[in-house]
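Participant: coordinates for the following, if possible.
(2 chains)
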Amino acid sequence: MTAARLRRVLLYAGLVAVGLLFIGPLYWLFSSALKEPGDIYQFPPRWLPSWHVENFAEAWRAAPFGDFFVNSLIVTAGGATIKLVNATLTAYAFVFLRFPYKNVIFLVMLGALMVPNNVTLIVNYITVSNLGWVNTYLGLIVPSAGSVFGMFLLRQYMLTLPGDIVEAARVDGAGHLRIMWQVVLPMCKPMLVTVGIIAIVDMWNDFIWPLIVTNTVEMRTLPIGLLYLRSTEGYSNWGAIMAGTVMVALPMLILFLVAQRQITRGLTGGAVKG
Amino acid sequence: MRHRTVLRPSRPSRRDFLSMAAAAGVAVPLLGCAGGVTDDGGSGDDTSDPGGNLDQVDVSPPSQYAGRVNVAMWSAMGGVNGEALAALVDKFNQSQEDIYAEVQFQGAYAESAPKLTAALRAGAVPDVMMLADTFWGRFLINDALEPLNDYFDDEFGRDDYVEALFDEGLVGDELYWLSFGRSTPLFYYNKNVFQQIGLPDRGPETWTELREWSSAISELSVNGQPLKAHAFTGDDDWQFMASVWQFGGRLSEGLDVTIDSGGAVDAARWHQQYIFEDGYGYLAQASGTDFGTGVVATTITSTGGLRGIYEASATAGFEVGTAFLPQEVASGVPTGGMGFSLLKGAAQERKDAAFQLLKFLGQPENAAEWTLATGYLPIVKASMDVPELAQTLASDPNFNVAVEQLPEAQGSDAIRSYLPNGTDIIISGLQRIYSDGSEDPQDVFDEVAEQLRQGVEDIRPGYEKYFG
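Facilitator: Residues are numbered from 1 along each chain as shown, chains lettered A, B, ... in the order given. Reported below is the predicted structural model:
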């Protein structure tokens, strides 16, 4: 066997191992969602499900998942849109506008990125409560409207764009809005998709904040719905919990599959152009 | 990545919860200067006083209950137990025409308690709060809870409850916390294994006896692996506290930390030896699940786990036995679980209505329904005479063991109940001992005690106000 072939074999073995590492838990989740309650507990584990679709009905019955879906859609669509718009405008400003203390402001924003969300949790709650937004969509969406991370990604990407094109547009008499809309953003498409997906997944999966800021079952989102399925002490119906988790996770998995080409282009694009 | 939590429903990011608990620890002392919470809220001094100055959280009554007094109950019960509670509250709403009560689930104890802290700070609170036995003390010493004595009357009071459990909510003579879903640990054993190696059909009387039995147990194997004799719990310090008592020690006397001396160190050293030198036991991720699947012969876990263990053991094909906890030099049975408190700052009309709900839940037939649905202990004496429950108690000896063990049970040591991160500190020390045979229990608990004592200094003034 030649060295090249050996390398190839090792490469594929490595890829398979990593693939299994990622797919294993997902397979366990999806197959357990279709198992009889007894099979889930079985040791040694049973790898093939028994097509026990009643788990989904039970999860759906235990909590109003229809409401949760609607709320999650509203919060995700609203929140991700605002995040993306904010991040785009801020990134554009940092790259193409001249204003005093630009670097200081940028550093302060980066500093905010380092503060863990948990620290601001109770302070945010009190602010939102004083505004009268507890248990409303505003309370769910507005506190996460700013995305420093998204801004940062877009800024770094915009810095790599060839300055000549923007210069040419300016000579042709284009204003900032026109430059952004017709020149910069079309070139940023892969990164926009990446930032958009990150924003969507963030909003969809967010757990602690929606739990804190909503009280009633009508305002809850999907990740909290999962909590309704789980007992605090003692007996939990794992089949229903797994089925509920599949319902929550599936939309994001599909989104990733559809958009993955753009995402990899976005993440690697900036790196090679440098 | 924090948002991956969704893929792991079993433990939606423990780190997040711990940081929330820590955040609550920071925020609770702030309550002292939060206008309103420290006010006397019209508690007890004059019942015609319209009451406190804290608003109510959002309640959304369905149209058929419009115009009633609204009561918001914050619950920490999801799953089967949450459904059982919701069914009882629904029954309450149908049973009368003046009050509409709404159960609002706020996540498990570690999430709902910080949320109450935030709600108190923000000035809009629920009327009834479900608090675990180790959580209500923190709100008590920050003056957030309503004294309940004046709400009881001749037809509904302490006599109706199992006194030992009722009394855990007392501070002096005043009740601040009314028991509801209470549990104790039980010793679970695999009857088939015991039969196979000729052990008696009972639990061990002492830890020493368990060790004597363990060598025979560990000669068996399941699925090609040697069978372990006992699974220890490391993500809670509840079972360990029981062992400390059984070895004659205490985690603390009042707020004076004693985890670094006597029975506490003895118990830890015994468990560590049993795990590492004898090789009979291990630190389990989920001891109840391991026992239910048959990979370990005995464990100690909550009475509330019985239903789940039955289901799992039916698949694994063995019979479950339960027994009193083993002793060593003393009996040690801690209680756990939760109860309800009213919020002092709520308007009097709301507090009166809220107590009607608590009274309803304390009626024998409702308490029996709760016990049957959840597996929590019967806490209302007369509920044990309700036919369905009486029949269950008579026909399931395992369930009855929990009831018989109850007279020996007592509440947690104060350090767990009043120091907001007390259990976290103890648990982290315990995990070191259980997972590493070279850690010296004395050294670990010296460190733990040091941290606990530092925390105690901050809460002592509030504690002495109630217990001084």
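Participant: all contacts plus neighbour counts: C-alpha atoms, from now on.
Facilitator: Will do.
Participant: the longest helix in the chain is where?
Facilitator: In the absence of a named chain, chain A is used. helix A:238-273 (DSSP state H).
Participant: I was after chain B.
Facilitator: Secondary structure of chain B per DSSP H: the longest helix is helix B:441-467.
Participant: any buried residues in it, and which?
Facilitator: Buried residues in helix B:441-467, counted by 16 or more other C-alpha atoms under 10 Å in any protein chain shown: B:441-442, B:444-446, B:448-449, B:452-453, B:455-456, B:459-460, B:462-463.
Participant: quick check, nearest of those to residue A:85?
Facilitator: Of all these, residue B:455 has the smallest distance to residue A:85: 45.5 Å, by C-alpha to C-alpha.
Participant: kindly provide the distance from that closest one to residue B:362.
Facilitator: From residue B:455 across to residue B:362, the span is 36 Å (C-alpha to C-alpha, to the nearest Å).
Participant: contacts only, for residue B:433.
Facilitator: Residues near residue B:433 by C-alpha atoms under 8 Å, 6 or more residues apart in numbering or on different chains: B:268, B:272, B:439-441, B:444.
Participant: among those residues, which two are most distant?
Facilitator: Taking C-alpha to C-alpha as the measure, these span a maximum distance of 12.4 Å, between B:272 and B:444.
Participant: ok, back up a step: any idea of the mean pLDDT in the longest helix of chain A?
Facilitator: Average pLDDT, helix A:238-273: 81.
Participant: now do stretch B:153-162
Facilitator: 93.
Participant: what's the span of that stretch from first residue to last?
Facilitator: Stretch B:153-162 has an end-to-end distance of 17 Å (criterion: C-alpha to C-alpha).
Participant: residues contacting the residue of the stretch 51-200 of chain A found nearest chain B?
Facilitator: Nearest residue of the stretch 51-200 of chain A to chain B, counting by C-alpha to the nearest C-alpha: residue A:126, 5.0 Å away. For residue A:126, the contacting residues are B:118-119, B:121-122, by C-alpha under 8 Å, 6+ apart.
Participant: can you check residue B:463 too?
Facilitator: Residue B:463 is in contact with B:141, B:418, counting by C-alpha under 8 Å, 6+ apart.
Participant: about what we covered before: let me know the closest of the contacts of residue B:433 to chain A.
Facilitator: residue B:268 (25.0 Å).
Participant: now for the chain, the helix or strand with the poorest mean pLDDT.
Facilitator: No chain was given, so I picked chain A. Every helix and strand in chain A was compared by mean pLDDT, DSSP states H and E; the lowest is helix A:37-41, with a mean of 74.
Participant: now name the helix or strand holding the closest residue to residue B:232 other than its chain neighbours.
Facilitator: Spatially, and ignoring its direct neighbours in sequence, residue B:232 is nearest to residue B:283 (4.8 Å; C-alpha to C-alpha, 6 or more residues apart in numbering or on different chains). Counting by DSSP states H and E, the element that carries residue B:283 is strand B:281-284.
Participant: repeat that for residue A:151.
Facilitator: Per DSSP H and E, residue A:151 falls inside helix A:148-159.
Participant: so where is the chain shaky, pLDDT-wise?
Facilitator: Assuming you mean chain A. The model of chain A has pLDDT under 70 over residues A:1, A:43, A:232-235, A:266-274.
Participant: meant chain B actually
Facilitator: Low-confidence segments of chain B (pLDDT under 70): B:1-51.
Participant: wait, is residue B:342 part of a strand?
Facilitator: Yes: assigned with DSSP: H, G, I helix; E, B strand; the rest coil, residue B:342 falls within a strand.
Participant: does it really touch residue B:353, like I thought?
Facilitator: No: counting by C-alpha atoms under 8 Å, residue B:342 does not reach residue B:353; the two are 10.6 Å apart.
Participant: the more surrounded of these two?
Facilitator: When residue B:342 and residue B:353 are compared for neighbours, residue B:342 comes out ahead with 26 against 21, by other C-alpha atoms under 10 Å in any protein chain shown.
Participant: and the gap between that one and residue A:148?
Facilitator: Note on residue B:342: its distance to residue A:148, by C-alpha to C-alpha, is 41 Å.
Participant: kindly report the same for residue B:418.
Facilitator: Noted for residue B:418: a distance of 39 Å to residue A:148, by C-alpha to C-alpha.
Participant: so between these two, which is more surrounded?
Facilitator: Using other C-alpha under 10 Å as the criterion, residue B:418 and residue A:148 rank with residue B:418 on top: 25 against 20.
Participant: who's in contact with that one?
Facilitator: Listed by C-alpha under 8 Å, 6+ apart, the contact set of residue B:418 reads B:134-135, B:137-138, B:459, B:463.
Participant: could you dump those to a markdown table with distance to residue B:193?
Facilitator: Shown next, in a markdown table, are the contacts of residue B:418 (distance: C-alpha to C-alpha, whole Å):
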| residue | distance to residue B:193 |
| --- | --- |
| B:134 | 36 |
| B:135 | 39 |
| B:137 | 42 |
| B:138 | 44 |
| B:459 | 48 |
| B:463 | 48 |
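Participant: how many neighbours does residue B:330 have?
Facilitator: With other C-alpha under 10 Å as criterion, residue B:330 counts 15.
Participant: now residue B:188, what are its backbone angles?
Facilitator: As for residue B:188, its main-chain torsions (degrees, to the nearest 10) stand at phi -100, psi 140.
Participant: right, and residue B:227 touches residue B:220 too?
Facilitator: Yes: using C-alpha under 8 Å, residue B:227 makes contact with residue B:220 at a distance of 5.5 Å.
Participant: and residue B:413, what are its phi and psi?
Facilitator: phi -70, psi 150.
Participant: contacting residues around it?
Facilitator: Residue B:413 sits next to B:250-254 when contact means C-alpha under 8 Å, 6+ apart.
Participant: PyMOL command for the buried members of these?
Facilitator: Entered in PyMOL, the line below selects the buried ones among the contacts of residue B:413, by 16+ other C-alpha under 10 Å:
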select buried, chain B and resi 250+251+252
